[in-house]
Structure formats: C-alpha cells, structure tokens
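In: Sharing a model prediction with you, sequence too.
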Amino acid sequence: ASSVEMRKVNKYYGKFQALKDIDLSIPPGKVTCLIGPSGSGKSTLLRCINFLEAYDSGEVRIDGQLIGYDAPDKKMSGRRLREMRRSIGMVFQQFNLWPHMTAKENVAEGLIRVRRMSKADADRRASEALAKVGLADKIASHPSRLSGGQQQRVAIARAIAMEPRLMLFDEPTSALDPELVGEVLSVMRTLAGEGMTMVVVTHEMGFAAHVADQVGFMEKGELVSVDSPDRILHRP
Ligand code: ADP
Ligand code: ADP
C-alpha cells in the first residue's frame with residue numbers, strides 16, 4: 001500500500017486560489033476522509049494527488065516519489081506520469097462506464113489496453129474483481145441494466161482489477177439514490193479492511209466516523225484540521 005505526502009501545496013484557477021499551503025500525510029494502508037463545505041477544495045486536493053490537476057507549487061510525493069514534476073517548474077513526461085498513475089485507482093461521482101460494453105468488458109478493457117493482458121487473462125481478472133464487489137451474477141449485463149449502486153461497484157471493480165496501491169474516491173455515493181449508498185460504502189469498507197490506502201471525499205459522516213483513520217476538514221481552500229474521526233466529528 002502506498003503513502004502520500006503533500007507539502008505546502010498551492011493550486012490556482014486563474015487568480016482564484018483553490019488550495020492554500022496544503023500539508024497532509026496519508027499513511028499506507030489507512031483511510032483518509034476529506035470533508036467540508038462544497039467548493040472548499042476537496043476534489044481539487046484529491047485530483048492533485050494523481051496530478052489530474054497540476055498543482056502550482058509545493059510537493060506531492062507518492063512513496064517518496066514526486067508526482068507531476070521532475071524538478072520545480074519541470075513537468076514530468078507524460079509517459080512517466082502514466083507509469084506513476086498505474087498504481088493509483090480513482091472512482092468518481094459519475095461512474096463513467098462504457099454503455100455499449102458489459103460489466104466484464106468494462107473491467108477487462110483497461111487490462112487489455114493498458115496492461116497488455118491477453119483477453120483470456122483479462123476476462124478472468126475482471127470476473128474476479130466483479131465477484132469481489134458482489135456482482136458475480138452481473139458480469140454479462142450492460143450498465144443500463146444495472147442500478148446506480150451496481151454501476152458504481154463495476155467502476156470500483158475496474159479500479160481494483162488494476163491492482164492499485166492507492167485508491168482515490170471523489171464523492172462516490174453522491175449520485176446514488178439513498179437506498180443504494182450502503183452497498184457501495186460496504187464494498188469500500190471491505191477494501192479498507194484489506195489494507196488499501198484510501199483517500200475519500202465524502203459527505204457520508206457515518207462512513208467517515210466508522211471507517212476513516214483520519215479525517216481532514218477543508219474550508220476555503222485550507223485544510224483546517226486533520227485528526228481522528230472522534231475528534232473531528234465529536235462521535236460519542
Ligand atoms: P469541493 O470538492 O470541496 O466542492 P472543488 O475542489 O471542486 O471543491 O472546488 C474548489 C473551488 O475551485 C471552487 O470554488 C470551484 O468553483 C473552483 N474550481 C474548481 N475547478 C475549477 C476549474 N476547473 N476552474 C476554475 N475554478 C474551479
Ligand atoms: P457500528 O458498527 O458502529 O454500529 P453501523 O454499521 O451500525 O456502525 O453504522 C453506523 C453508521 O455508519 C450508520 O448510521 C451509517 O451512517 C454508517 N454506515 C452504515 N453502513 C455503513 C457501511 N457499510 N459503511 C460505512 N458506513 C456505514
């Protein structure tokens with residue numbers, strides 16, 4: 001499992017400063033939840049970790065390796081960035097599945113294209129990943145035939161099939177009907193139990209309280225506090 005270190009990370013959108021001097025240590029095998037008001041910079045922070053957003057100054061290190069830059073002001077090559085991202089899985093609010101592909105094909109596609117696996121190996125790995133998220137009986141279904149919770153579990157299976165050492169979740173349950181939230185959280189809880197390093201932007205305070213090892217509270221681009229869920233959420 002990977003660790004992440006953010007030091008003095010700043011990010012601007014034009015003149016607007018979306019992240020202000022972010023210092024955050026994400027220990028290996030632990031769950032870090034990011035909470036705070038809408039627009040406070042949670043998603044931006046998360047996307048700086050895999051360099052989906054380029055931070056403007058500071059450092060983001062994954063297992064000690066600087067991501068995005070080879071040196072200050074020298075962007076990393078696309079190839080090197082893709083290499084580093086291979087060990088990072090990401091799950092978004094929108095599931096981003098290919099509508100014309102079955103669940104299994106959605107999971108296998110990346111294995112074939114990115115990992116250069118044979119179709120047979122990719123199919124096997126995809127079936128295992130789908131079984132792990134409780135969808136063994138849905139491998140041949142297209143997304144339109146699946147509930148939102150099932151679609152999000154396919155998206156999680158797609159990420160874990162790549163065998164990441166770090167998983168980033170950006171409001172993974174926010175697009176779901178309330179009754180479908182629990183099945184996705186429970187898959188995430190299982191992953192956490194297996195020692196996956198996870199960073200989760202979420203409004204699910206129950207998940208943050210019961211599953212997170214640390215909770216970061218953001219406000220206006222600042223990481224105001226990072227502490228145990230007990231202290232941040234005043235859990236009884
Ligand atoms: P959160 O995830 O906490 O809701 P975001 O990280 O999405 O917050 O956004 C932080 C701030 O940055 C918001 O004010 C948002 O409007 C702004 N922002 C986000 N993405 C962009 C962008 N691509 N261009 C300009 N402003 C952006
Ligand atoms: P405990 O094991 O501490 O009794 P519960 O499983 O009863 O915790 O759930 C307590 C709170 O956690 C619930 O109110 C809900 O908000 C949230 N929660 C419920 N199911 C899950 C889940 N699968 N993963 C994460 N949080 C959950």
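Out: It's in. Ligands and ions are numbered 1, 2, ... in the order given.
In: where do the strands sit along this structure?
Out: Secondary structure of the chain by DSSP state E: the strands cover 4-13, 16-26, 31-35, 57-62, 65-66, 69-71, 74-75, 88-91, 166-170, 197-201, 214-219, 222-227.
In: who's in contact with the residue lying closest to Met218 once chain neighbours are set aside?
Out: Nearest residue to Met218, sequence neighbours excluded (C-beta to C-beta, 6 or more residues apart in numbering): Gly36, at 3.6 Å. Where C-beta positions appear, they are placed from N, C-alpha and C, glycine not excepted. For Gly36, the contacting residues are Lys42, Gly216, Phe217, Met218, Glu219, Val224, by C-beta atoms under 8 Å, 6 or more residues apart in numbering.
In: again, 6 Å this time
Out: By C-beta atoms under 6 Å, 6 or more residues apart in numbering, Gly36 lies in contact with Lys42, Phe217, Met218, Glu219.
In: can I get the strands of the chain in TSV with distance to Phe51 and mean pLDDT?
Out: As requested, these are exported to TSV (distance: least, C-beta to C-beta, whole Å; pLDDT from 0 to 100):
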stretch	distance to Phe51	mean pLDDT
strand 4-13	11	98
strand 16-26	13	98
strand 31-35	17	98
strand 57-62	7	97
strand 65-66	10	96
strand 69-71	9	91
strand 74-75	9	92
strand 88-91	9	98
strand 166-170	11	98
strand 197-201	14	98
strand 214-219	19	97
strand 222-227	18	96
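In: So for Leu233, what's the pLDDT?
Out: As predicted, Leu233 sits at a pLDDT of 81.
In: how close does it get to ligand 2?
Out: To ligand 2, Leu233 is 11 Å away according to C-beta to the nearest ligand atom, to the nearest Å.
In: now that residue, nearest residue through space, not along the chain?
Out: Leu233's closest residue in space is Ala209 (C-beta to C-beta, 6+ apart), at 5.1 Å.
In: How many residues are close by that neighbour?
Out: 17 (other C-beta atoms under 10 Å).
In: Also Asn10?
Out: 16.
In: same check, this time on Ser228
Out: 12.
In: Could you do Asp177 as well?
Out: Count around Asp177 with other C-beta under 10 Å applied: 10.
In: any chance of the strands of the chain in JSON lines, with distance to Arg189 too?
Out: As requested, the strands of the chain are exported to JSON lines (distance: least, C-beta to C-beta, whole Å):
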{"stretch": "strand 4-13", "distance to Arg189": "21"}
{"stretch": "strand 16-26", "distance to Arg189": "18"}
{"stretch": "strand 31-35", "distance to Arg189": "9"}
{"stretch": "strand 57-62", "distance to Arg189": "24"}
{"stretch": "strand 65-66", "distance to Arg189": "29"}
{"stretch": "strand 69-71", "distance to Arg189": "35"}
{"stretch": "strand 74-75", "distance to Arg189": "37"}
{"stretch": "strand 88-91", "distance to Arg189": "14"}
{"stretch": "strand 166-170", "distance to Arg189": "12"}
{"stretch": "strand 197-201", "distance to Arg189": "10"}
{"stretch": "strand 214-219", "distance to Arg189": "15"}
{"stretch": "strand 222-227", "distance to Arg189": "21"}
